[in-house]
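> take a look and give me a structure for this.
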Amino acid sequence: MKIVLLYGGRSAEHDVSILSAYSVLQAVYYHYYQVQLLYITRSGDWIKGPLLTEAPKSEEVLHLSWGADVKNPTGEQIQPSAIKEDDAIVFPLLHGPNGEDGTIQGFLETIDMPYVGTGVLTSACGMDKIMTKYVLQAGGIPQVPYVPVLKNQWKENPKQIFEQCEGTLLYPMFVKPANMGSSVGISKAENREELQNALHEAYKYDTRAIVEQGIEAREIEVAILGNEDVRTTVPGEIVKDVAFYDYNSKYIDNKIVMQIPAEIPEDVQLKAQEYAKNAYTMLGGSGLSRCDFFLTNKNELFLNELNTMPGFTQFSMYPSLWDKMGLKYGDLIEELIQLGLNRYAQRHEFLTEVN
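All right, here's what the predicted structure looks like:
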């Protein structure tokens, strides 16, 4: 069977996707699978690379070259629909917009190919921080206070937005693009001037932003796996040496340390697992997700977000949590493939019943 490894993408998390893809290539069970490289460029072109039958020795294999002016091309540009083939499953290791937001998932549903990860609805809702909060609020899952702010509302009446935020929240506040991940476009605001600058930064990435109440809290994460039969890990903790970690802190400066399991009371652990499972189920989850929480010094839990395609290097939090539970990285990849195939078979069964 063939795995079509889809990586790169048009989002700001392009480089993170490449890191995840290389880690997966090192751990795939090649006695069961061949791996077809499929690179999406920053401009959105689809480049078909080599078919791998063993783990590559270098990440360079992922950096494809193509075009008539290239002497020894390692890839060729194709139409997206050309990836359609039998006895293959797509592994979309794409983070952020145009990959984790339901667009790729909808495309794969349209061309009728099985794929790893969450479906269209979960991906779209999980990627959109405002929609996630609306859905989880209806389910009674605790979240920090927030104010959604659309770009046109901000442009038309910034004074009203200031009053709404300051009338609902206290400084410091965190401002985030509604559709972005990995701390891209997220800023901390200690006063009105910083709030204004933070909104300008968020609108570089989306026309919708969310302003959240800043709180003193630890950051706790729970990994989720499964379709109907949902499993969760023990919580892990992000231990920081900076007050607020942005994209550079996470991926460039390497200032992130993980504590697995998190040193928290047992009742808090159980509550985090319960909230994670409920959030995943409410959003229609399948395959995988990572649920991120804030934990205050009073042991209050607030759900921050549901990440439907978390960082997936072998050292990332999601695989590390499952490793702690006894599920090794290669076995985790295999389980995700089987979950994707099972969901595909189930969907076809439903379609057969309808017809």
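> run the chain-centre distance for the helix or strand hosting Glu163.
Glu163 is located in helix 158-168, with elements delineated by DSSP states H and E. Centroid displacement of helix 158-168 relative to its chain, using C-alpha atoms, centre = their mean, to the nearest Å, is 30 Å.
> then stretch 293-307?
Centroid displacement of stretch 293-307 relative to its chain, using C-alpha atoms, centre = their mean, is 18 Å.
> pLDDT weak spots in this protein?
Scanning the chain with the threshold set as pLDDT under 70 gives 181-183, 240-255, 353-355.
> which residue lies nearest the spatial centre of it?
Nearest residue to the geometric centre of the chain (C-alpha atoms, centre = their mean): Met309, 3.2 Å.
> how about the strands of the stretch 151-300 of the chain, start to end?
Secondary structure of the stretch 151-300 of the chain, counting by DSSP state E, counting those that start in this stretch: strands at 173-177, 187-189, 208-213, 218-226, 231-232, 236-240, 256-259, 287-295.
> mind putting those into CSV with distance to Phe91 and mean neighbour count?
Any C-beta I mention is one placed from the backbone N, CA and C, and that applies to glycine too. Output for the strands of the stretch 151-300 of the chain, formatted as CSV (distance: least, C-beta to C-beta, whole Å; neighbours: other C-beta atoms under 10 Å):
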stretch, distance to Phe91, mean neighbour count
strand 173-177, 26, 24
strand 187-189, 33, 19
strand 208-213, 29, 23
strand 218-226, 15, 24
strand 231-232, 20, 17
strand 236-240, 23, 18
strand 256-259, 24, 14
strand 287-295, 10, 24
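> in CSV: those, plus distance to Met127.
Shown next, in CSV, are the strands of the stretch 151-300 of the chain (distance: least, C-beta to C-beta, whole Å):
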stretch, distance to Met127
strand 173-177, 10
strand 187-189, 19
strand 208-213, 12
strand 218-226, 16
strand 231-232, 21
strand 236-240, 20
strand 256-259, 22
strand 287-295, 11
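> nearest to Ser23, out of those?
Closest approach to Ser23 among these is made by strand 287-295 (14.7 Å; C-beta to C-beta).
> sheet-wise, list the partners of the closest one with their directions.
Sheet pairing for strand 287-295, assigned by DSSP bridges, gives strand 218-226 (antiparallel), strand 301-307 (antiparallel).
> what angle separates the last one from strand 208-213?
Just to be clear, that refers to strand 301-307. 160 degrees (axes from the mean of the first three to the mean of the last three C-alpha atoms, to 10 degrees).
> which stretches of the stretch 251-355 of the chain form helices?
In the stretch 251-355 of the chain, the segments counted as helices under DSSP state H, counting those that start in this stretch are 266-282, 317-324, 329-354.
> I'd like the strands paired with strand 287-295 as TSV, with distance to Ala279 appended.
Converted to TSV, the strands paired with strand 287-295 look like this (distance: least, C-beta to C-beta, whole Å):
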stretch	distance to Ala279
strand 218-226	9
strand 301-307	5
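> and of those, who's closest to Arg208?
strand 301-307 (14.8 Å).
> tell me what angle that closest one forms with helix 317-324.
Counting by the same axes, to 10 degrees, strand 301-307 lies at 110 degrees to helix 317-324.
> what's next to strand 301-307, contact-wise?
126, 129, 132, 136, 141-144, 181, 215, 217, 219-220, 268, 271-272, 275, 279-280, 283, 285, 289-296 (C-beta atoms under 8 Å, 6 or more residues apart in numbering).
> of all the helices of the stretch 251-355 of the chain, which one comes closest to Gly49?
Nearest to Gly49 among the helices of the stretch 251-355 of the chain is helix 329-354; the distance by C-beta to C-beta comes to 19.0 Å.
> and the angle for the closest one with strand 218-226?
Using the same axes, to 10 degrees: helix 329-354 against strand 218-226 is 50 degrees.
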